[in-house]
Structure formats: C-alpha cells, structure tokens
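> 3D, please:
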Amino acid sequence: MKQEKATVLEHDNFQGEYRILRLAAPVVGPMVQPGQFLELQVPRLGERILRRPFSIYQAGPEGAAVLYKPVGRGTDAMAAIQVGDEVNIIGSLGNGYPEPDPNKLPVLVAGGYGNAALYILAERMEKKGIAFFGGRSAIDILLVKEFEALGWDVRPTTDDGSLGTQGLVTAAFDPWMKEQDIQSLEVFVCGPNPMLKAIGDRAIEHNFTAWLSLDKNMACGVGACLTCVIKRKTEDGWEWARCCKDGPIFESREILWDE
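Predicted coordinates:
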C-alpha cells in the first residue's frame, strides 16, 4: 500500500452516465492485483474529507484507471477533475481475488459496473470462460467488446430486455449452471449485495466455489474506521471482518448475511 499524487491522463464519458478516470500512477499501478481497489481524495469537497473507494479497472507499470458512475456528492464533484490535475490516491488496497484454479472453468458474474473490477482478472487468466453481465438496460452493460476481445463468452441480461436475456443476471446463469459439471466451476463475482448473496447461496447449495467482492462503504480503506464490517463465519459462530482489510474478496461460505 502506497500513497501517491497521481496525474490525470484522461477523464471522459465512457458510456451513458459512466465515466473513465485514467491516472499516471507509476508507484501504485504496478502493485495492483485483480479485485483490489484504491482510495481517492476528491478535490474541492470542502468539509467532506473522507476518500472515496474505487475498484481498479485497469492497471500497469504506468498507472491505473477506474470506471465509475456519479451517484452522490463525492462522485458528482469528480466532474470538475481535469486532465493534468493531480489527485491524491492510496493503493492498492484489499486482498484481491485468489489465483484461479487451472483445473476449473472460470465464470465471471457482474452486476452494473461491477465487471470493471473483474477486467484485470479476466485479462490475466490464461484460461477463458463465461461472463454473465447484468444491468437495468443496454446502456448499463459495459465492456462487452473488451471482454470478448480477451476471449470471454459474454452473456448479458437486462431488467428491461433491451439486451440479452430479460431479467436479473441469474435468469441467464441458472439454466446454464444446470447443464454444467458443477464441481468444475470457479465463480468470481462483483456487484450489488443482493446479487452477491444470490450467487453465494447457489454456490453453497450446489457446492461450487464462488469468490465475492463485497460492496460496503469502505470509508478509510485501511481497516481503521470499522464502517465496512461484515459477519464472517467461524467454527464457534461468527466474528467481525473488515471488507477493506480482510476483503473485499470472501469465499461464499465465509459470509453470514443479515436477513
């Protein structure tokens, strides 16, 4: 984990309301592992001094990029960030996804722009598999061409049926899953918590491995503020675990969901 003043190389509309922020970050960039995140200090936020966490979409020796959608005061304020500005970041944070099992078929499941957090993983995997992407409508299904260019079979679902199968991402995943050798699957998931729980429940029921990137408010990113705790199962019951420090990646059987 390092702190770095990163220079903005690109800050443009990507698709619909989604934007891409590309940073020259030669210290943080080379450290990034799939599924990790960074914390960014948004300029000109006045008294709101907490950093904002962002999944890392791309990374390399020269820097890193995040793909985001303005959804609140912090991300709305990011619109003022210009090419050439310097922003303060901390990264790379979190445990990231584990090394894929070469004997299993990799499956990616993402909701919304959760697939941006899966891109580095997909890029670095030698074995390519199936990617299920869900969103409200076609404009919310991102990076299809980019994943297909890596060799992935992308299967979109949309709530309104404007692209791919109509319904939640499970509407495409479930019938496909029933036709597979379940024991041969390893699933990597990122998206909203209801979707994470849905795939995690299926992993437990059908006995396949699913790695979940939990979506919690990671205010500090280093395990100090305890705003992102979740219940993790233990032999004797459960314990508190910090998403930013102990996660954000957990295996489905570790999580004790609050009903």
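> distance between the ends of stretch 118-131?
10 Å (Cα to Cα, to the nearest Å).
> may I see the buried residues of that stretch?
118, 119, 120, 121, 122, 123, 125, 128, 129, 130, 131 (16 or more other Cβ atoms under 10 Å). Quick note: C-beta positions are derived from backbone N, CA and C, even for glycine.
> from residue 200, how far out is the residue lying closest to the second one once chain neighbours are set aside?
Of all residues not flanking residue 119 in the chain, residue 57 sits nearest, at 5.5 Å (Cβ to Cβ, 6 or more residues apart in numbering). The spacing between residue 57 and residue 200, counted by Cβ to Cβ, to the nearest Å, is 24 Å.
> what is the burial count for the residue nearest to residue 119?
Neighbour count for residue 57, taken as other Cβ atoms under 10 Å: 24.
> from residue 250, how far off is it?
Residue 57 is 21 Å from residue 250, by Cβ to Cβ.
> can you check residue 242 too?
11 Å.
> same question for residue 41.
27 Å.
> same deal with residue 183?
Residue 183 is 21 Å from residue 250, by Cβ to Cβ.
> and what of residue 190?
12 Å.
> helices of the stretch 1-150 of the chain, start to end?
Taking DSSP state H, counting those that start in this stretch, the helices of the stretch 1-150 of the chain run over residues 73-77, 119-124, 144-149.
> okay if I get those helices as CSV plus mean pLDDT and distance to residue 177?
CSV is the format used below for the helices of the stretch 1-150 of the chain (pLDDT from 0 to 100; distance: least, Cβ to Cβ, whole Å):
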stretch, mean pLDDT, distance to residue 177
helix 73-77, 77, 34
helix 119-124, 97, 19
helix 144-149, 98, 19
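> to residue 91, which of these lies closest?
Closest of the helices of the stretch 1-150 of the chain to residue 91 is helix 119-124, at 12.7 Å (criterion: Cβ to Cβ).
> can you name the residues in contact with that closest one?
32-35, 56-59, 97, 100, 108, 128, 131, 143, 146-147, 150, 152, 188 (Cβ atoms under 8 Å, 6 or more residues apart in numbering).
> if we go to 10 Å?
32-36, 55-60, 64-65, 67, 96-97, 99-100, 106, 108, 110, 115, 128-129, 131, 142-143, 146-147, 149-152, 188, 190, 211, 213 (Cβ atoms under 10 Å, 6 or more residues apart in numbering).
> what's the offset of that helix from the middle of its chain?
Offset of helix 119-124 from its chain centre (Cα atoms, centre = their mean, to the nearest Å): 11 Å.
> picking up where we left off before, residue 183 and residue 250: who's more crowded?
Taking other Cβ under 10 Å, residue 183 and residue 250 do not tie; residue 250 has more neighbours (22 against 10).
> helix or strand: which one has the more buried one?
Per DSSP states H and E, residue 250 falls inside strand 249-251.
> pairing partners for that strand, with directions?
Using DSSP bridges, strand 249-251 pairs in its sheet with strand 209-213 (antiparallel).
> ok, then the element right after the strand it pairs with?
Next along the chain after strand 209-213, taking DSSP H and E as the criterion, comes strand 229-234.
> list the buried residues in that following strand.
229, 230, 232.
> out of those residues, who's nearest residue 136?
Among the buried residues of strand 229-234, and counting by Cβ to Cβ, the member closest to residue 136 is residue 230, at 25.8 Å.
> next, count neighbours for residue 28.
The burial count for residue 28: 24, using other Cβ under 10 Å.
> that should have said residue 44, apologies.
Residue 44 has 9 neighbours, counted by other Cβ under 10 Å.
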